[in-house]
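K.L.:
coordinates only, sequence not included:
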C-alpha cells in the first residue's frame, strides 16, 4: 500500500494524496498526517509508520478534518484507490519553512477503522515552502 502526492505544497495551497491499496478494494480508509515517520506508532492491530505527534492527533480528530483534509475518510474504489486533498494552512510562519510532513493511511472492514487491516507505507516528504 502506498501514498503518492502531487501539487504545490505552499501555504494556502492544496496537495492531492493518491492512495493505492491492492487487495483492499471496498474497504474503509483513514488518511493521516505527521511530522515524522520514525519511530512510528505501534498499535494492537499493527504498525503505523507515522509519529504520534500533534499533527497526527489532529488528523484523527474529526473536529480538525475540515481544516486539514477533504475526503480523508471513505471507501476505496473497485481498483483499491482513493484520493484525499491535504489543505495547507495559510499561516505566515509556514512560508519558506521547508517543513516536511508525511502521509499514510489505514484500511479496515469497519467504518470506525478499528481494528484496521493494513497500514500504507509513508509518503515521500511533503515539504511546505
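P.N.:
Thanks, I have the structure now. Quick caveat: nothing in here was measured; it's all calculated off a predicted structure. Numbering: from 1, shown residues only.

K.L.:
need the longest strand for the protein.
P.N.:
Among the segments of the chain that qualify as a strand by DSSP state E, the longest is strand 99-108.

K.L.:
in its sheet, what does the helix or strand that that strand is followed by sit against?
P.N.:
Per DSSP states H and E, the first helix or strand lying C-terminal to strand 99-108 is strand 118-119. Strand 118-119 has the following sheet partners, assigned by DSSP bridges: strand 99-108 (antiparallel).

K.L.:
would you point out which residue is most central in this protein?
P.N.:
Nearest to the mean C-alpha position of the chain, by CA atoms, centre = their mean, lies residue 32 at 2.9 Å.

K.L.:
and the strands in the chain?
P.N.:
Remark: strands assigned in the chain by DSSP E are 2-7, 14-20, 28-34, 41-43, 46-48, 69-70, 73-75, 81-87, 99-108, 118-119, 126-128.

K.L.:
the ones you listed: which one's closest to residue 55?
P.N.:
Across the strands of the chain, residue 55 has its closest neighbour in strand 28-34 (5.4 Å, CB to CB). (Glycine included, C-beta is placed from N, CA and C.)

K.L.:
in contact with the spatially most distant residue from the centre of the chain, which residues?
P.N.:
For the chain, the largest distance from the centre (CA atoms, centre = their mean) belongs to residue 92, which lies 23.2 Å off. By CB atoms under 8 Å, 6 or more residues apart in numbering, the contact set of residue 92 is residue 11.
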